[in-house]
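Asks: Next input, structure requested:
(one chain, ligands or ions: 1)
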Amino acid sequence: MGRVDELADSSGLVHDQDALRGRLAADGYLFFRGLLPAEQVRATGSAVLEKLRAGGWISGRDTPSARPRAVGSRDALADPAFRAAITGAAFNRVPYFPALRQLVRGILGPQAFSYPVKVLRVVYPERPGNRTLGRYVHYDYGVSGVQDMLTSWIPLMDIPVQLGGLAVRPGGHLARLKPPRVLGAAEPGWATTGYRTGDAIIFHCLTPHAALPNAGSSLRVSGDFRWQRPDQPTPAELVLGPAAIQRELFSWMFRRERWWEPVPAGLALYPRQQLIAAPPRPSRFFAVHPSWRHWQPPPGAVH
Ligand SMILES: O=C(O)CCC(=O)C(=O)O
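Replies: Numbers count the residues shown, from 1 in each chain. Below is the predicted model of the structure:
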């Protein structure tokens with residue numbers, strides 16, 4: 001991987017909220033080796049792959065279909081097998097794993113919640129013409145328009161660097177705002193790791209990040225689960241779903257599951273486009289670079 005650095009492991013800080021906030025403020029991310037129960041996460045990955053296998057994304061021997069079924073997560077939603085995977089209980093349960101939930105609440109506050117809308121990433125080996133949007137260096141502020149929103153990126157299988165896991169630019173959240181661009185495979189100043197099932201990386205919405213190319217021969221499967229405090233304006237589409245139905249997305253499917261909990265009552269919901277059009281407010285964690293005053297929402301999807 002050339003000069004790409006190794007992520008710093010914050011596992012030793014999980015019980016020290018001040019230290020976690022301090023490191024998030026300094027580095028823009030927190031990585032935890034083995035935070036989650038590896039067996040349960042592996043079972044989640046297998047459940048996702050089973051649905052995809054049934055839809056022809058992979059053969060019995062886990063070889064990806066010669067023609068990708070979809071390039072990005074949005075195209076993928078048109079595919080019934082992908083829809084079965086992303087709406088399944090196994091995948092939707094991930095942000096309710098206590099170790100993850102407690103950790104994020106320790107950083108953001110006890111009422112912090114995860115958006116019912118979650119992103120499943122199934123990334124084929126990269127070939128000309130199938131580069132995903134996740135390969136562009138971007139900021140997740142463009143996803144929600146909520147200052148201090150955190151993204152947790154969870155590998156649902158072992159993801160060696162060759163399979164193109166997530167890379168972050170440590171300290172990049174303190175720097176000047178930059179336009180999107182494709183991340184090179186060995187850029188100095190970036191950090192990643194060989195992710196293992198059970199690992200988690202959490203990063204701030206102003207932290208530049210991108211996926212590395214999948215240079216392997218199998219699919220890469222991971223999920224993004226995003227979090228905010230309930231006392232901040234909340235993007236309606238991430239709670240109610242893209243069609244803005246009047247109830248919390250998936251509540252009718254999972255409300256009887258032991259692990260499920262509803263989003264807090266009384267959220268102030270706004271159209272996502274309205275929230276992402278405004279520059280970020282001051283952060284609770286660090287001084288925002290003045291260039292963010294000139295923030296423009298990206299012309300299309302950023303993630
Ligand atoms: O996993 C990827 O391909 C990209 C992830 C990403 O951009 C995100 O979590 O916001």
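
Asks: Show the pLDDT at residue 3.
Replies: On the pLDDT scale, residue 3 is placed at 64.

Asks: Okay, residue 147 and the ligand: tell me how far apart.
Replies: Going from residue 147 to the ligand by Cβ to the nearest ligand atom, to the nearest Å gives 16 Å. Every C-beta, even on glycine, is put in place using the N, C-alpha and C of the backbone.

Asks: Residue 29 is in contact with residue 170, correct?
Replies: Yes. Residue 170 lies in contact with residue 29 (Cβ atoms under 8 Å); the separation is 6.7 Å.

Asks: Comparing the two, which residue is more hemmed in?
Replies: Higher neighbour count among residue 170 and residue 29: residue 29, with 27 against 19, using other Cβ atoms under 10 Å.

Asks: Just give the closest residue to the more buried one, not the sequence neighbours.
Replies: Leaving aside its sequence neighbours, residue 29 sits nearest to residue 203 (Cβ to Cβ, 6 or more residues apart in numbering; 4.0 Å).

Asks: how close does residue 47 sit to the ligand?
Replies: 19 Å.

Asks: give the contact list for that residue.
Replies: Residues near residue 47 by Cβ atoms under 8 Å, 6 or more residues apart in numbering: 85, 88, 90, 91.

Asks: Just among the residues you listed, which is most surrounded?
Replies: When neighbours are counted by other Cβ under 10 Å, residue 85 leads these with 25 neighbours.

Asks: picking that back up, other SSEs contacting the helix or strand hosting the residue nearest to residue 29?
Replies: Using DSSP states H and E, residue 203 sits within strand 200-204. In terms of contacts (3 or more Cβ pairs under 8 Å, 6 or more residues apart in numbering; DSSP states H and E), strand 200-204 is packed against strand 29-32, helix 98-108, strand 150-155, strand 166-168.

Asks: Save the ones you listed as JSON lines, and put in distance to residue 222 and mean pLDDT too.
Replies: Below are the helices and strands packed on strand 200-204 laid out as JSON lines (distance: least, Cβ to Cβ, whole Å; pLDDT from 0 to 100):
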{"stretch": "strand 29-32", "distance to residue 222": "14", "mean pLDDT": "98"}
{"stretch": "helix 98-108", "distance to residue 222": "14", "mean pLDDT": "98"}
{"stretch": "strand 150-155", "distance to residue 222": "5", "mean pLDDT": "98"}
{"stretch": "strand 166-168", "distance to residue 222": "7", "mean pLDDT": "98"}
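
Asks: Please convert these to JSON lines, extending it with distance to residue 216.
Replies: Shown next, in JSON lines, are the helices and strands packed on strand 200-204 (distance: least, Cβ to Cβ, whole Å):
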{"stretch": "strand 29-32", "distance to residue 216": "21"}
{"stretch": "helix 98-108", "distance to residue 216": "26"}
{"stretch": "strand 150-155", "distance to residue 216": "13"}
{"stretch": "strand 166-168", "distance to residue 216": "15"}
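
Asks: wait, which of the ones you listed is closest to residue 255?
Replies: helix 98-108 (17.0 Å; Cβ to Cβ).

Asks: Would you tell me what the next helix or strand after that closest one is?
Replies: Following helix 98-108 toward the C-terminus (DSSP H and E): strand 113-114.

Asks: Closest residue of the chain to the ligand?
Replies: For the chain and the ligand, the shortest gap (Cβ to the nearest ligand atom) falls at residue 134, measuring 2.6 Å.

Asks: Quick check: that residue touching residue 120?
Replies: No. With contacts counted by Cβ under 8 Å, residue 134 stays clear of residue 120, the gap being 11.9 Å.

Asks: out of the contacts of residue 47, which are inside helices?
Replies: Among those, DSSP state H puts 85, 90, 91 in helices.

Asks: May I see those organised as TSV, with distance to residue 47 and pLDDT added?
Replies: TSV is the format used below for those (distance: Cβ to Cβ, whole Å; pLDDT from 0 to 100):
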residue	distance to residue 47	pLDDT
85	8	98
90	4	98
91	7	98
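
Asks: Now distance to the ligand too, for the helices and strands packed on strand 200-204, in CSV please.
Replies: Formatted as CSV, the helices and strands packed on strand 200-204 follow (distance: least, Cβ to the nearest ligand atom, whole Å):
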stretch, distance to the ligand
strand 29-32, 11
helix 98-108, 14
strand 150-155, 5
strand 166-168, 5
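
Asks: And the ones you listed: which comes nearest residue 195?
Replies: Proximity to residue 195 (Cβ to Cβ) singles out strand 150-155 among those, at 4.0 Å.

Asks: mind saving the C-alpha coords of the closest one as PDB?
Replies: The C-alpha trace of strand 150-155 is given here as PDB (Å, rounded to 0.1, in the frame of the first residue of the first chain):
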ATOM      1  CA  LEU A 150     -20.900  10.300  13.000                       C
ATOM      2  CA  THR A 151     -20.600   7.500  10.500                       C
ATOM      3  CA  SER A 152     -19.800   4.000  11.700                       C
ATOM      4  CA  TRP A 153     -18.300   1.900   8.900                       C
ATOM      5  CA  ILE A 154     -18.500  -1.800   9.700                       C
ATOM      6  CA  PRO A 155     -16.900  -4.600   7.700                       C
END
